[in-house]
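Visitor: the sequence and its predicted three-dimensional model are supplied below.
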Amino acid sequence: MTNAVLTAVPKSEARVRHSAVVRWTHWITTVCFLSLLITGMEIVISHPRFYWGETGNVLSPALFQLPIPSSRETVPTGYGYVMPDQNGWSRYLHFQTAWFAVFTGLIYVLYGVLSGHFRRNLIPAGRLSLKTLAEGDAWSYNVLQRLTYLLVVFVFFPVIIWTGLGMSPAVASAIPAVDTVWGGQQSARTMRFFVALLLVLFLLVHVLMVYRAGFRNRTKAMIWARSHDAN
């Protein structure tokens, strides 16, 4: 009698989803983004008025104004009080974190190009349609996700960096194009504000999608590279 050898099929298997470079740059960028968001909000509170062109101040009409109190008495907001002024440390931390984020982003882009990460995981293949926009299994991005990530990496982040350089008097004086391409320094500041809002929206949708796809497994995969996918 021949004994049959039974091979047990595991209910789940560990799968490598993200490389070390992708994981490290992801979490460093996450910390940098949250730091930039908090310090950026503090900087905006010091002058919650936005203009278009090269110059703008409290004596000139604003393109729009945020309905919040300011941390400076000289800025008219319609409120009878001012917020605590934390502009000093917030600007210092904002600019230091920004450079750290830029270098991290450069490492990610170089890795993505040289390793084929962008080609394999982000650049859509084939023709686009309403059906393919939603296609994608648990371990790959659908076309809509790929297009969104490409938009963030190659449009939103470069615009944020470019306009951020325009906020530096030293950089703007040495390379006037960082501001003139937008129509002036105040225009660059206004564009920066709107792109920052789009990045915040992306972050919220991204977290929601991770939650719907399986927050625990997806987070483990981004931390430890491996996660368990049920068969």
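Guide: Happy to help now that I have it. Numbers count the residues shown, from 1 in each chain.
Visitor: what residue ranges in this protein score low on pLDDT?
Guide: Counting by pLDDT under 70, the chain shows low-confidence ranges at 1-16, 126-140, 225-231.
Visitor: what about the strands in it?
Guide: Per DSSP state E, the chain has strands spanning 12-16, 49-50, 64-65, 226-230. These are given in chain order.
Visitor: okay, how far is it across stretch 51-59, tip to tip?
Guide: From its first residue to its last, stretch 51-59 covers 12 Å (C-alpha to C-alpha, to the nearest Å).
Visitor: how about it: buried residues?
Guide: Buried residues in stretch 51-59, counted by 16 or more other C-beta atoms under 10 Å: Y51, W52, G56. Where you see a C-beta, it was placed from the backbone N, CA and C, and this is true even at glycine.
Visitor: ok, A20 - how many residues close by?
Guide: Residues within reach of A20, counting by other C-beta atoms under 10 Å, total 9.
Visitor: which elements pack onto the longest helix seen in the chain?
Guide: The longest helix of the chain (DSSP state H) is helix 185-224. With contacts defined as 3 or more C-beta pairs under 8 Å, 6 or more residues apart in numbering; DSSP states H and E, helix 185-224 has these neighbours: helix 20-46, strand 49-50, helix 157-166, helix 177-180, strand 226-230.
Visitor: got the contact list for R189?
Guide: With contact set as C-beta atoms under 8 Å, 6 or more residues apart in numbering, R189 has these partners: F50, Y51, T163, G166, M167.
Visitor: so what's the residue nearest the centre of the chain up against?
Guide: Geometric centre of the chain, nearest residue: L199, 5.0 Å, by C-alpha atoms, centre = their mean. Neighbour list for L199: F33, V152, F156, I160 [criterion: C-beta under 8 Å, 6+ apart].
Visitor: picking up where we left off before, just among the contacts of R189, which is most surrounded?
Guide: G166 leads the contacts of R189 on contacts (other C-beta under 10 Å) with 26 neighbours.
Visitor: list the buried ones in stretch 203-223?
Guide: G214, N217, R218, K220, A221, M222.
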